[in-house]
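Peer 1: please work out how this folds:
(4 chains)
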Protein chains: 2
Amino acid sequence: MATTQPAAVDRPATIHDIAALCGVAASTVSRALSTPDRVNIRTRQRIEAAAAQLHYTPNSQAKALSSGRTGAVGVLVPDITNPFYFDLIRGTQLQLKAAGYTQLLVDTEESDEVEASTVEQLRKSADGIIVAASRLSDEALLDAAAKMPLVTINRDVPGVPAVLIDTPAATSQALDHLISLGHTRVAYVAGPPTSQSSERRWTALSEAAEERGVEVRRLGPFAPKTQSGAAAADAAVHSGVTACIAFNDLIAIGMLQRLRERGIRVPEDMSIVGCDDIFGADFCNPPLSTMASPIEQAGRVAVSMLLAQLNPLAGGGTRSRSVMPTHLTVRGSTGPARQAS
Amino acid sequence: MATTQPAAVDRPATIHDIAALCGVAASTVSRALSTPDRVNIRTRQRIEAAAAQLHYTPNSQAKALSSGRTGAVGVLVPDITNPFYFDLIRGTQLQLKAAGYTQLLVDTEESDEVEASTVEQLRKSADGIIVAASRLSDEALLDAAAKMPLVTINRDVPGVPAVLIDTPAATSQALDHLISLGHTRVAYVAGPPTSQSSERRWTALSEAAEERGVEVRRLGPFAPKTQSGAAAADAAVHSGVTACIAFNDLIAIGMLQRLRERGIRVPEDMSIVGCDDIFGADFCNPPLSTMASPIEQAGRVAVSMLLAQLNPLAGGGTRSRSVMPTHLTVRGSTGPARQAS
DNA sequence: AATCAAATGACAACCGATTGCCAAATGTTG
DNA sequence: CAACATTTGGCAATCGGTTGTCATTTGATT
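Peer 2: Purely as a prediction, here's the structure:
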């Protein structure tokens, strides 16, 4: 009666159960399972058989505690309900799973504080972090990146590995498209003030406008939600422009709805260009011209860059910056400029 | 030089650091932090001050290992990119965070195997599980529910706590709506064969149809994606019906697109009713009539039910079944039946 | 002031793995 | 057959907490 347990309890099996069943030490079991060639092949097979028989699954908590590696990667997004992130999340999830990692998805609610505290917590419970559209300061990001492997998405901070979606380049494409349609008064509908993406797009756009000699004014900021579209649309109409390039598709779709309510025709009276080509951009009314990019792929690339940091051995010089191409997809929301009355 | 560490290393602080700083035992620190009233208030304050000073954050792995509670809840969805789940996820995330839990979100890729292995793994790394639209068999779910706290969403298995979205009830509402518009030949566009929701809707719909003496035929099954809408639309047209009730909005929106391509007018030639009122249902063309329900709230309720299982003490008899109301939202995709030629 | 109950804090075992170190077993070679 | 190199496997410490047990201190009561 001095043995540990009658074995048949429904509690998950541990290496000790296996060890007892095989008559070896727990450490031998551990080695057999994680460093197979340091254990006699016959012993190993016995252990493997016992493990299978007991339906053994290693306890990840315990493993993490003793080894320091958690096998998890945190993925931080500002807003889970923003369709832009769906494909991103899908991309990271697939790539992480393929590499044997678990994804810890966190919605930071567009808050730098939530983001900071999450990063701090993840420092212990994850091996690395992927931060999309970070709201943190450059310093905070650099600091975090110094403490643990980290990759940003759409956030360019020198010294922090990043995947950048090259929407700034696409904005000048969009501008050319609008100019070719005869538009000369264009507005940029800005996103949140804390979004670096929005800034980068504005910078690229205003430079392109200057080169081409057209006027681009800036409206906003607006929250990246369809609800903000109403205010954005009103601002655009009031400003007298004939075309808008919106920070993202959510705002653009919201504008479409508002303009329709107000009886302003798109694209006859106003052209709208969105950004991201999210779910819905192809079936809204009219279908949205927008700047598309391989978002799921961006997620995969971010994971690859992070894994390269985690296992520096596996060849491939650690790239610290990856730019995803973007292109303009023209649909029904852009058309010839209305003749000035 | 016999002390542990010169303290100032950048490694996260542990209770031992705090204990050393205060000159007490580590266990006292643990108690001060988790069972405050079992420790002298002055000592406690010293400890709290030290903890703050060292930026102490408890190591969740270690906590989980020794206490058995992980503070995490797994949330399983069949497809993260399906907008239906966005609000659900948002709801669970908010409610879990409010209760101090972490959400482990997993995309099971509509696969029962992935789902089963995830459940098995989560058994050790989570305190409970919420499974949306499970693809598992009744037995597997019962089994899993016996091993750990579990709540399903939209999956009715006797003995397993569930949150059900009452779309079956709404289907008869939708049918009445169509009948009142003069439709007599209606199709149900079925979802995946493994989806119990789809079955429940079909059962309710065909019963309602029988009562009312109209013909409802079943088409499909179709995958719950917009891409499937094309095949569904073609099948509907071929079957000669004048109205369709689709398994969900994704399929319905896909049908809308296909019908438009084929020059079939909605709702003049064909009425379409979707289900779920997902992101996009209000701005597609035409806007989709659909069965709406408080999805985010469903997520919150599921979390509440799970937490009730986890802390049986906190009053409120454990409800094992919660039904969310649903109602038909009429938009532009339904209209009077075309006159039989 | 003496007595006793209650509050407090330290010790140590434990959760389930990993891993450094060393001893035993094995095989090889001269 | 002895001596030595090489595997192989076990012991025990460790990760960072939690928790049961028990001795001690504190305070209240008479």
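Peer 1: could you pull out the strands for the stretch 101-250 of chain A?
Peer 2: A:102-107, A:128-132, A:150-153, A:162-165, A:185-189, A:215-219, A:243-246 (DSSP state E, counting those that start in this stretch).
Peer 1: Serialize those to JSON lines and add fields for distance to B:S137, mean pLDDT and mean neighbour count.
Peer 2: Where C-beta positions appear, they are placed from N, C-alpha and C, glycine not excepted. Listed next are the strands of the stretch 101-250 of chain A as JSON lines, based on distance: least, CB to CB, whole Å; pLDDT from 0 to 100; neighbours: other CB atoms under 10 Å in any protein chain shown:
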{"stretch": "strand A:102-107", "distance to B:S137": "25", "mean pLDDT": "90", "mean neighbour count": "22"}
{"stretch": "strand A:128-132", "distance to B:S137": "35", "mean pLDDT": "96", "mean neighbour count": "26"}
{"stretch": "strand A:150-153", "distance to B:S137": "39", "mean pLDDT": "97", "mean neighbour count": "28"}
{"stretch": "strand A:162-165", "distance to B:S137": "40", "mean pLDDT": "96", "mean neighbour count": "24"}
{"stretch": "strand A:185-189", "distance to B:S137": "50", "mean pLDDT": "96", "mean neighbour count": "24"}
{"stretch": "strand A:215-219", "distance to B:S137": "55", "mean pLDDT": "95", "mean neighbour count": "17"}
{"stretch": "strand A:243-246", "distance to B:S137": "47", "mean pLDDT": "97", "mean neighbour count": "30"}
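Peer 1: out of these, nearest to B:V189?
Peer 2: Nearest to B:V189, of all those, is strand A:102-107, at 31.4 Å by CB to CB.
Peer 1: that closest one versus strand B:102-107: what angle between them?
Peer 2: On the basis of axes from the mean of the first three to the mean of the last three CA atoms, to 10 degrees, strand A:102-107 is oriented at 110 degrees to strand B:102-107.
Peer 1: returning to that earlier point: of the strands of the stretch 101-250 of chain A, which is nearest chain B?
Peer 2: strand A:102-107 (4.6 Å; CB to the nearest CB).
Peer 1: wait, a helix at A:A302?
Peer 2: Yes. The assignment for A:A302 (DSSP: H, G, I helix; E, B strand; the rest coil) places it in a helix.
Peer 1: near DNA strand C, which residues of chain A?
Peer 2: A:11, A:14-16, A:26-27, A:30-31, A:33-34, A:58-59, A:62-63, A:65-67 (CB under 7 Å from any atom of the strand).
Peer 1: if we use 6 Å, what do you get?
Peer 2: Taking CB under 6 Å from any atom of the strand, the part of chain A that reaches DNA strand C is made up of A:14-15, A:26-27, A:30-31, A:34, A:58-59, A:62-63, A:65-67.
Peer 1: out of those residues, which are inside strands?
Peer 2: With DSSP state E as the criterion, strands contain none of the residues of chain A next to DNA strand C.
Peer 1: most neighbours of all the residues you listed, which one?
Peer 2: When neighbours are counted by other CB atoms under 10 Å in any protein chain shown, A:I15 leads those with 21 neighbours.
Peer 1: what residues does it make contact with?
Peer 2: By CB atoms under 8 Å, 6 or more residues apart in numbering or on different chains, the residues touching A:I15 are A:26, A:29-30, A:33, A:56, A:58.
Peer 1: ditto for A:A169
Peer 2: Applying CB under 8 Å, 6+ apart, the residues near A:A169 are A:204, A:326.
Peer 1: quick check: it vs B:G191, distance?
Peer 2: 41 Å (CB to CB, to the nearest Å).
Peer 1: need the contact list for A:L181.
Peer 2: Contacts of A:L181 (CB under 8 Å, 6+ apart): A:243, A:271, A:334-337.
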